[in-house]
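>>> Using only what follows, build the 3D model:
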Amino acid sequence: MEEKKGLGYVLKHIFFKPVLAFDNFKIGPAIIFALILMFSASIFNGIAQFNVGKEMGLTDMQLTDEMIEKYRDMGYTEEQIKEIEKTLESEEYKSALGMIDRFSGLFSVVGGFFAGVGVVIGWLIKGGIITLIFSFMGAKPKFSQSMGIIGLSWIPFFIREVLRGITTLVTGQPVAVASNVLNNFDIFVLWNVILLIIGFSVCLKITKKRAAAVVIGYWIFTLLIHYGLDQLGQFLTKGITL
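Presented below is the predicted three-dimensional model:
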């Protein structure tokens with residue numbers, strides 16, 4: 001039996017020769033490595049946003065002209081706007097924000113951790129669905145094998161999240177993604193899709209066309225879900241502001 005390839009061998013080839021990286025790799029180390037990537041990226045982004053928020057200072061929050069105009073557009077009277085301004089300037093309000101500010105570092109780490117949990121749950125769901133689809137096609141994949149392939153293919157997303165965190169620290173502004181749909185259209189998503197196609201093709205000994213049909217089909221399916229969620233969010237937002 002051919003010896004399983006270790007994580008070092010996989011990482012050596014994943015960027016330039018992914019066919020070799022996915023050929024008979026050790027599943028356990030790959031899954032553990034993916035878990036580390038997912039949680040570290042989420043926590044790093046949480047800490048980056050905390051540092052930006054700390055520099056801005058919650059207790060220095062004031063009602064700007066732009067905010068006042070938005071309140072007017074939402075139907076607030078001048079008296080109501082003045083009451084909001086008084087609240088922002090009150091000692092009780094600043095004291096409450098100061099308390100939040102002191103614990104915001106902990107909140108950022110905890111928030112990043114739970115964001116990582118969300119990513120892992122998505123990973124489990126994706127692994128289960130794709131394993132099931134390939135099983136219907138007669139490929140007979142193992143769930144752990146699918147998790148390993150998807151986990152290693154998450155490397156592009158790790159790089160994307162780290163770049164976003166660095167951008168947040170450098171610019172002092174969190175990187176805003178316009179929508180869940182647009183978040184599925186960038187070079188990192190394309191890179192992820194390519195790795196998934198190669199990974200499943202190599203590990204399941206099937207053609208790239210069959211692997212691509214499943215991977216791209218799943219991507220389109222999730223894209224439609226994100227589009228539906230975006231539309232629902234816009235509908236609810238409009239309903240609240242009317």
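
>>> which other residues reach stretch 117-125?
Ala34, Leu35, Met38, Phe39, Ser42, Met147, Ile150, Gly151, Trp154 (CB atoms under 8 Å, 6 or more residues apart in numbering). The C-beta positions use only the backbone N, C-alpha and C, and glycine is treated the same way.

>>> could you point out which element follows the one helix or strand in the chain whose mean pLDDT sits lowest?
The weakest-scoring helix or strand in the chain, judged by mean pLDDT, DSSP states H and E, is helix 65-73 (a mean of 74). Helices and strands here follow DSSP states H and E; after helix 65-73, the next one along the chain is helix 78-89.

>>> follow-up on the earlier one: now for the contacts of stretch 117-125, which pair is the farthest apart?
Maximum pairwise distance among the contacts of stretch 117-125 (CB to CB): 18.1 Å, between Ser42 and Met147.

>>> okay, the two: which has more neighbours?
Ser42 (24 against 21; other CB atoms under 10 Å).

>>> Quick one: residues contacting that one.
Taking CB under 8 Å, 6+ apart, one finds Gly112, Phe113, Ala115, Gly116, Val119, Glu161 in contact with Ser42.

>>> Tell me where the model's unsure across this structure.
1-2, 50-64, 88, 91, 93-107, 174-185, 229-242 (pLDDT under 70).

>>> ok, the closest residue to Lys26 other than its chain neighbours - contacts?
Using CB to CB, 6 or more residues apart in numbering and skipping the chain neighbours, the partner closest in space to Lys26 is Lys4 (4.5 Å). Contacts of Lys4 were listed using CB under 8 Å, 6+ apart, and they are Asn24, Phe25, Lys26.

>>> Swap in 10 Å and give it another go.
Asp23, Asn24, Phe25, Lys26, Ile27, Gly28, Pro29 (CB atoms under 10 Å, 6 or more residues apart in numbering).

>>> For the residues you listed, pick the one with the most neighbours.
Busiest of these [other CB under 10 Å] is Phe25, holding 24 neighbours.

>>> From Ala139, how far off is Val119?
26 Å (CB to CB, to the nearest Å).

>>> more neighbours, these two?
Val119 (20 against 17).

>>> ok, the more buried one to Lys82 distance?
44 Å.

>>> before we move on, the earlier item: could you single out the nearest of the contacts of Ser42 to Ser201?
Val119 (24.6 Å).

>>> quick check, that closest one in a helix?
Yes. The assignment for Val119 by DSSP: H, G, I helix; E, B strand; the rest coil puts it in a helix.

>>> For the chain, which segments are assigned as strands?
Assigned strands in the chain: none (criterion: DSSP state E).

>>> For Tyr71, see how far away the residue of the chain positioned farthest from its centre is.
Distance from the C-alpha centroid of the chain peaks at Glu79, with 41.4 Å (CA atoms, centre = their mean). Separation of Glu79 from Tyr71 (CB to CB) stands at 12 Å.

>>> Buried ones in stretch 8-25, by neighbour count?
Tyr9, Val10, His13, Ile14, Pro18, Leu20, Ala21, Phe22, Asp23, Phe25 (16 or more other CB atoms under 10 Å).

>>> how much space between the last one and Ser153?
Per CB to CB, Phe25 is found 12 Å from Ser153.

>>> Next: the second one.
Here the distance between Val10 and Ser153 works out to 11 Å (CB to CB).
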